[in-house]
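A.B. asks: heads up, no residue letters with this:
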């Protein structure tokens, strides 16, 4: 299931393109400091502030990632502690790697091994040699954050390790492109600055809880993260089994547009239009794809396909809703009741979900 979102992967800049930046602490002049910025009377230092507090709490658990391949290529990204043994990063950060190294706060580089990867969620699990004792797991939120929630991204943009940028959750339930024309569901959108090297690092609330794994930047003031909800499903399977099977219908989808509504004389104006059913897939013989096209206002629109409006009693108004439901609520082998509008009538059909094909097939 493809998506129209165009995003720039945020974790593939070349190593050595920039060195660590020197940092300096700048304190406000006492005569211009506001009451909220006044110096601590004992230490003479200004108060840290909420962003400094969350950084201090989570930064020891975040690592810079350096990747080298046999053909001489190199890349870098970020990772964070998932539990007492493993770290999480993006699949695209370590893909095709031969050697992976991690550097934690106040440590040198140390080797790491790739435990497992999943290209369809862009998640990967690493294990570090001689992990420092102060590296403690970061907790993941149990539900998508509310739009407007304050968050920070901490990682290794352009090689500047330990960098923090602040913003808000500016959207939820986004879809991102994945391999084979599929999509990553339930992504978190943020206006916190993310750049090459941030990929694989955490997007966290001011309480230090991870809302997502930074994946990409799509332009000015827009970035994306793989949701904690998807991490909760995928990462335990990667650790236990070495892979994760994603539910699969075997269809190509199109949003229900006004043109499709008119061309098909639909009684609904929401849902997901089935444009094509692929041979030999779970949907073959169960769901119905387009049988032709009709011209509406000079535009060719597909006609004859099912419009999915519900799954197992859950309303499906958009492609994003369909992708999220399949990703978070189902597993391969599940029997699924699909509510569709077909030839003007609403009906329910049942199919058994399969597994997505291996990447590259």
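C.D. replies: Alright, I've got the coordinates. Remember, predicted model here, so these are calculated numbers, not experimental data.

A.B. asks: CA only for contacts and neighbour counts going forward, please
C.D. replies: Fine.

A.B. asks: Okay, the residue positioned nearest the centre of the chain and residue 234: tell me how far apart.
C.D. replies: The centre of the chain sits closest to residue 226, judged by C-alpha atoms, centre = their mean, with a distance of 1.8 Å. Distance of residue 226 to residue 234, computed by C-alpha to C-alpha, to the nearest Å: 11 Å.

A.B. asks: where's the longest helix belonging to the chain relative to the chain centroid, distance-wise?
C.D. replies: For the chain, the helix reaching the highest residue count under DSSP state H is reported as helix 228-241. Relative to the centre of its chain, helix 228-241 is centred 13 Å away, using C-alpha atoms, centre = their mean, to the nearest Å.

A.B. asks: Go through it and flag the buried ones.
C.D. replies: The neighbour-count check on helix 228-241 (16 or more other C-alpha atoms under 10 Å) flags 228, 229, 230, 231, 234, 235, 238, 239 as buried.

A.B. asks: Any regions of the stretch 101-250 of the chain where pLDDT drops low?
C.D. replies: Along the stretch 101-250 of the chain, the parts satisfying pLDDT under 70 run over 218.

A.B. asks: one more time with 80
C.D. replies: Residues of the stretch 101-250 of the chain that meet the criterion pLDDT under 80 lie in 217-220.

A.B. asks: can you give me the strands for it?
C.D. replies: 109-118, 123-128, 150-155, 163-177, 183-190, 202-205, 210-219, 222-227, 247-248 (DSSP state E, counting those that start in this stretch).

A.B. asks: helices or strands up against the first one?
C.D. replies: It stands for strand 109-118. If you count contacts as 3 or more C-alpha pairs under 8 Å, 6 or more residues apart in numbering; DSSP states H and E, strand 109-118 packs onto strand 99-104, strand 123-128, helix 228-241.

A.B. asks: picking that back up, can you put the strands of the stretch 101-250 of the chain in CSV and add distance to residue 359?
C.D. replies: Output for these, formatted as CSV (distance: least, C-alpha to C-alpha, whole Å):
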stretch, distance to residue 359
strand 109-118, 9
strand 123-128, 14
strand 150-155, 28
strand 163-177, 13
strand 183-190, 13
strand 202-205, 26
strand 210-219, 19
strand 222-227, 19
strand 247-248, 13
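
A.B. asks: which of the ones you listed sits most buried?
C.D. replies: strand 202-205 (a mean of 30; mean count of other C-alpha atoms under 10 Å).

A.B. asks: which helices and strands sit right next to it?
C.D. replies: Other helices and strands packing on strand 202-205, by 3+ C-alpha pairs under 8 Å, 6+ apart, are strand 150-155, strand 210-219.

A.B. asks: Now tell me what touches that strand from outside.
C.D. replies: For strand 202-205, contacts defined as C-alpha atoms under 8 Å, 6 or more residues apart in numbering pick out 62, 79-80, 149-155, 210-214, 225.

A.B. asks: and those residues, which two are the farthest apart?
C.D. replies: Spanning the widest gap among the contacts of strand 202-205 are 79 and 149, at 22.3 Å by C-alpha to C-alpha.

A.B. asks: how far does stretch 282-295 sit from the chain's center?
C.D. replies: 30 Å.

A.B. asks: So for it, what gets flagged as buried?
C.D. replies: 282, 283, 284, 287, 288, 289, 290, 294.

A.B. asks: go on, stretch 256-265?
C.D. replies: 256, 259, 260, 261, 262, 263, 264.

A.B. asks: The spatially closest residue to residue 290 that is not a sequence neighbour - how many residues pack around it?
C.D. replies: Leaving aside its sequence neighbours, residue 290 sits nearest to residue 305 (C-alpha to C-alpha, 6 or more residues apart in numbering; 4.2 Å). Residue 305 has 24 neighbours, counted by other C-alpha atoms under 10 Å.

A.B. asks: hmm, back to that, okay if I get the buried residues of stretch 256-265 as TSV plus secondary structure, distance to residue 114 and pLDDT?
C.D. replies: As requested, these are exported to TSV (DSSP: H, G, I helix; E, B strand; the rest coil; distance: C-alpha to C-alpha, whole Å; pLDDT from 0 to 100):
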residue	secondary structure	distance to residue 114	pLDDT
256	coil	41	96
259	helix	47	95
260	helix	46	96
261	helix	48	96
262	helix	51	96
263	helix	50	96
264	helix	50	96
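
A.B. asks: out of the residues you listed, which one sits closest to residue 318?
C.D. replies: residue 256 (7.9 Å).

A.B. asks: Is residue 341 in contact with residue 310, as I believe?
C.D. replies: No - between residue 341 and residue 310 there is no contact under C-alpha atoms under 8 Å: 9.8 Å.

A.B. asks: what residues do residue 226 and residue 234 have in common as contacts?
C.D. replies: What both residue 226 and residue 234 touch, as defined by C-alpha under 8 Å, 6+ apart, is the set residue 121.

A.B. asks: Quickly list the domain ranges of the protein.
C.D. replies: What automatic domain parsing lists as the domains of the chain is 150-233, 247-355.

A.B. asks: Kindly reformat the ones you listed as a markdown table containing distance to residue 91.
C.D. replies: Putting those into a markdown table (distance: least, C-alpha to C-alpha, whole Å) gives the following:
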| stretch | distance to residue 91 |
| --- | --- |
| domain 150-233 | 8 |
| domain 247-355 | 18 |
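
A.B. asks: To residue 120, which of those domains lies closest?
C.D. replies: Taking the domains of the chain one by one with C-alpha to C-alpha, domain 150-233 is closest: 5.6 Å.
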